[in-house]
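J.: Fold the stuff below for me.
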Amino acid sequence: MNIYVIMKRTFDTEEKISISGGAINEDGAEFIINPYDEYAIEEAITVRDEHGGEVTVLTVGTEEAEKELRTALAMGADKAVLINTEDDLEDGDQFSTAQILFEYLQDKDVDLILGGNVAIDSGSGQVGPRLAELLNISYVTTITELQINGEDVKITRDVEGDSEIIETKVPLLVTAQQGLNDPRYPSLPGIMKAKKKPLEELELDDLDIDEDDVEAKTKTIEVFLPPEKEAGRVLEGELDSQVKELVSLLREEAKVI
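T.: Presented below is the predicted three-dimensional model:
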């Protein structure tokens, strides 16, 4: 099987993030593989091991993403491709990313594409479905189980706290939800092998893409942190007095009634 994983390099949201000038300050920030994409990489490797084939991990971004691609190779992917937009595309969005990925994949023999359900930085969940629409293939989002038998595919997907069973066929794009698997940590032998695995770097010109054709359709005006939460207040005394105090606080301080 020809298996592709679309991966994003994201901020590590468990580390301290600072804002400067209405944007995230990248100096000193920690970057990681988008956690939902780790599920996609793990599942792609599992499918390859069961059915044969090759796993290629793709990302659109800057040369700094090579570190995350090498991590994916250390996990067990066979190849990696970086489409470097640093010199050609000042700002991109989900439209831009999907269009660029489409230009790369449109003449490839694709059986299965996997990606994360959402990216933890933007949370839009649009790139996978947009790419599938451009490629004119079926797609299923938020999957928690994937079973492949030849061209037939049986999928369990998460739907508002319940599950839905879907049957379809390859070629197919799916996006991974938490619970699909337990992503492996790169082993020392895997890290050593990853240094010798192919990592191809392309630019928009290599794909005959005019930057005007992939210009972002959206614009981020400002990024800001949520306001700090104030400590809560514990009401004491008899129940009747607590109720009266609560009503007074809601009316005079919170001004919600």
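J.: Who does the strand ranked longest in the chain pair with, and is each partner parallel or antiparallel?
T.: If you go by DSSP state E, the chain has its longest strand at strand 138-149. Strand 138-149 sits in its sheet next to strand 152-159 (antiparallel), strand 172-176 (parallel), going by DSSP bridges.
J.: How is this structure partitioned into domains?
T.: Domain assignment for the chain by automatic domain parsing gives 2-214, 227-257.
J.: Would you mind giving those as a markdown table with mean pLDDT added?
T.: Formatted as a markdown table, the entries for the domains of the chain read as follows, by pLDDT from 0 to 100:
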| stretch | mean pLDDT |
| --- | --- |
| domain 2-214 | 92 |
| domain 227-257 | 86 |
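J.: where's Leu112 relative to Glu236, distance?
T.: With the distance defined as CB to CB, to the nearest Å, Leu112 ends up 60 Å from Glu236. Quick note: C-beta positions are derived from backbone N, CA and C, even for glycine.
J.: before we move on, what about Ala65?
T.: Distance from Ala65 to Glu236, by CB to CB: 55 Å.
J.: Nearest residue to Ala23 in space, please, no chain neighbours.
T.: For Ala23, ignoring the flanking residues on the chain, the nearest one in space by CB to CB, 6 or more residues apart in numbering is Val223 at 5.5 Å.
J.: Looks like that neighbour contacts Ile19 (just checking).
T.: Yes - contact criterion CB atoms under 8 Å: Val223 and Ile19 qualify, at 6.1 Å.
J.: ranges for the strands of the stretch 101-250 of the chain?
T.: 112-116, 138-149, 152-159, 162-169, 172-176, 199-203 (DSSP state E, counting those that start in this stretch).
J.: Just list whatever residues bridge to the closest residue in space to Asp109 that isn't next to it in sequence.
T.: With CB to CB, 6+ apart as the criterion, Asp109 has its nearest non-adjacent residue at 5.2 Å, and that residue is Asn2. Taking DSSP bridges, one obtains Glu54 as the residues bridged to Asn2.
J.: Deepest-packed of the strands of the stretch 101-250 of the chain, please.
T.: strand 112-116 (a mean of 28; mean count of other CB atoms under 10 Å).
J.: Run through the neighbouring helices and strands of that strand.
T.: If contacts are counted by 3 or more CB pairs under 8 Å, 6 or more residues apart in numbering; DSSP states H and E, strand 112-116 sits against strand 2-6, helix 35-51, helix 127-135, strand 172-176.
J.: Mind checking those for the one nearest to Leu58?
T.: strand 2-6 (5.4 Å; CB to CB).
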